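[1] Got a predicted model here, sequence first, then my questions.
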Amino acid sequence: MALKRRQLLILGGLVLGGGLGGAAFSGILSRNSQAIAPTDPKTASTPSKPVKATATISRSQNPAPKGMFAPTRGDVRIVLISDLNSAYGSTDYIDQVKQAIALLPDWEPDLVLCGGDMVAGQDNSLKPSEIEAMWQGFDKHIAAPIRKAKLPFGFTIGNHDASGSSFGGKSNFENDRKAVIKYWNDPKHDPNLNFVDRGGFPFYYTFEQNDIFFLTWDASTSEIPSAQLKWVEKSLASEAAQKAKLRIAIGHLPLYAVSKGRATAGNYLDDADRLRGILEKYNVHTYVSGHHHAYYPAHKGKLEMLHAGVLGDGPRRLLSGDIAPSRTVTVIDIKLETSETIYTTYDMNTLKVVDPNTLPRYIDAPNGRITRRDIKI
């Protein structure tokens with residue numbers, strides 16, 4: 001389903017010098033192939049109570065890496081990264097990925113989120129040892145630095161991590177699925193999350209962080225199984241979810257297509273309007289996704305959608321407009337009492353802030369129109 005990536009030559013170092021201007025993008029929510037993730041009713045539908053963090057962490061008012069635009073932090077700050085990988089089988093990462101990981105602590109986030117594609121699998125010519133080597137590379141360059149900084153790490157599984165596609169009831173990428181289970185269930189790789197329900201971890205699970213309820217589903221393919229959707233509804237209807245001040249859902253494939261080369265069936269979720277209706281029913285604020293390698297903050301109906309840009313190889317153009325492809329990291333500052341979410345998105349090639357007004361006002365995806373989130377309709 002995903003096209004094979006081209007290896008890009010990264011020239012020179014990035015400069016952290018001055019002159020980096022920009023403005024944050026703000027908006028208030030006034031609208032409040034088949035996956036095979038394991039579904040065990042005894043575990044997946046029985047949430048455990050989250051473990052509350054007790055440590056008091058000192059935060060700056062305007063934290064940011066030196067020389068970069070420094071937005072005012074909200075009650076909660078999240079840094080979003082996505083699509084980190086390079087060519088199939090890669091065990092290393094391009095300079096922009098390594099630089100972004102090095103800069104993460106300077107933004108002082110309460111949580112780091114990843115929209116998937118942490119490694120470069122989905123190739124059955126890769127041996128199990130090569131798949132394991134990719135996850136070792138991920139740990140060395142991505143996960144270990146995040147753990148060292150003591151930053152909680154929430155993520156969703158991408159198609160290159162462990163595609164859930166199957167044929168005749170048999171997984172097409174069984175070695176990928178086994179490797180991702182082995183890696184994420186190793187206590188040494190603890191993501192430091194306050195789990196509510198980890199029965200389907202790492203494919204689907206829920207956690208609570210700073211009064212926000214997060215639900216991750218297995219959107220590594222275009223179809224989310226009915227059994228998993230029952231778990232989704234039960235999780236979102238739970239006391240933990242509904243008592244939270246905000247609800248955010250995360251999945252690799254978006255509901256609606258936004259980029260060129262990805263506007264084909266299989267590259268966005270099937271029956272998007274129905275899935276969006278489920279999220280709206282339980283007052284989910286934002287659906288965060290990756291896969292399309294293009295940054296676009298949008299809304300449709302009562303749901304906001306944050307399409308994360310790529311950080312690794314293969315930036316793509318949006319379906320509308322003429323903005324050049326870029327690699328991005330998004331800082332999300334949240335004001336809990338008003339449900340205001342403020343985005344500051346950095347172009348990691350220039351380290352400048354992306355001006356939201358350069359993005360198209362709307363995108364006509366094959367399965368529906370979505371509108372830039374600051375545009376009222």
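    Structure's in. What do you need? Not measured: the values here are computed from a predicted model. Residues are numbered from 1 along each chain as shown.
[2] and the residue lying closest to residue 152 once chain neighbours are set aside, how many neighbours?
    When the adjacent residues along the chain are set aside, residue 152 lies closest to residue 192, with 4.5 Å between them (CB to CB, 6 or more residues apart in numbering). Quick note: C-beta positions are derived from backbone N, CA and C, even for glycine. By other CB atoms under 10 Å, 15 other residues sit near residue 192.
[3] Could you confirm residue 192 falls within a helix?
    No - assignment of residue 192 by DSSP: H, G, I helix; E, B strand; the rest coil gives coil, placing it outside any helix.
[4] and it, what is it in contact with?
    With contacts taken as CB atoms under 8 Å, 6 or more residues apart in numbering, residue 192 has the following neighbours: 147, 150-153.
[5] I'd like those as JSON lines, with pLDDT and neighbour count appended.
    As requested, the contacts of residue 192 are exported to JSON lines (pLDDT from 0 to 100; neighbours: other CB atoms under 10 Å):
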{"residue": "147", "pLDDT": "98", "neighbour count": "17"}
{"residue": "150", "pLDDT": "97", "neighbour count": "10"}
{"residue": "151", "pLDDT": "98", "neighbour count": "19"}
{"residue": "152", "pLDDT": "98", "neighbour count": "21"}
{"residue": "153", "pLDDT": "98", "neighbour count": "20"}
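[6] Over to the residue nearest the centre of the chain: give its phi and psi.
    Most central in the chain under CA atoms, centre = their mean is residue 115, positioned 2.0 Å from the mean C-alpha point. The main-chain torsion angles of residue 115 are listed as degrees, to the nearest 10 and equal phi -80, psi 10.
[7] Could you check how many residues crowd around residue 314?
    22.
[8] Does it touch residue 293 like I think?
    Yes - applying CB atoms under 8 Å, one finds residue 314 in contact with residue 293, separated by 5.3 Å.
[9] Would you verify that residue 333 is located in a strand?
    Yes - when the secondary structure is assigned by three-state DSSP, residue 333 falls within a strand.
[10] Looking at the residue nearest to residue 152 now. What's its pLDDT?
    The predicted local distance difference test score for residue 192 is 98.
[11] isn't there a helix covering residue 234?
    Yes - the assignment for residue 234 (three-state DSSP) places it in a helix.
[12] can you give me the helices in the stretch 251-377 of the chain?
    Taking DSSP state H, counting those that start in this stretch as the test, the helices found in the stretch 251-377 of the chain are 272-281.
[13] before we move on, the earlier item: for the residue nearest to the centre of the chain, what are its contacts?
    80-83, 155-156, 158, 250, 252, 288-291, 308.
[14] sorry, back to before: between residue 314 and residue 293, which contacts overlap?
    With contacts taken as CB under 8 Å, 6+ apart, the residues that reach both residue 314 and residue 293 are residue 83.
[15] between the contacts of residue 192, which is closest to residue 302?
    Distance from residue 302 was checked for each of the contacts of residue 192 by CB to CB. The minimum falls on residue 152, at 27.7 Å.
[16] contacting residues around that closest one?
    Residues touching residue 152, when contacts are defined by CB under 8 Å, 6+ apart, comprise 110-112, 191-194, 209.
[17] From the residues you listed, pick the one nearest residue 60.
    Top of the list for closeness to residue 60, among those and by CB to CB, is residue 110 at 12.7 Å.
[18] what's the span of stretch 260-271 from first residue to last?
    End-to-end span of stretch 260-271 (CA to CA, to the nearest Å): 20 Å.
[19] hmm, who's touching that stretch?
    Here stretch 260-271 makes contact (CB under 8 Å, 6+ apart) with 1-3, 33, 219, 221-224, 251, 253-257, 275, 291-293, 316-319, 365-367.
[20] how about 7 Å then?
    With contacts defined as CB atoms under 7 Å, 6 or more residues apart in numbering, stretch 260-271 is touched by 1, 3, 33, 219, 222-224, 253-257, 275, 291-292, 316-317, 319, 365-367.
[21] And the strands in the stretch 251-377 of the chain?
    Per DSSP state E, counting those that start in this stretch, the stretch 251-377 of the chain carries strands over the ranges 286-289, 296-300, 303-307, 328-335, 340-347, 352-353, 362-365, 368-372.
[22] how about the CA coordinates for the fourth one, as PDB?
    Listed in PDB are the C-alpha atoms of strand 328-335, where the atom choice follows Å, rounded to 0.1, in the frame of the first residue of the first chain:
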ATOM      1  CA  THR A 328       8.000  19.300  10.300                       C
ATOM      2  CA  VAL A 329       7.700  19.100  14.000                       C
ATOM      3  CA  THR A 330       4.600  20.500  15.700                       C
ATOM      4  CA  VAL A 331       4.400  21.800  19.300                       C
ATOM      5  CA  ILE A 332       0.800  21.700  20.600                       C
ATOM      6  CA  ASP A 333       0.000  23.900  23.600                       C
ATOM      7  CA  ILE A 334      -3.300  23.200  25.200                       C
ATOM      8  CA  LYS A 335      -5.400  25.300  27.500                       C
END
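[23] Paired strands for it, with orientation please.
    Looking at strand 328-335 with DSSP bridges, its paired strands and their directions are strand 76-81 (antiparallel), strand 340-347 (antiparallel).
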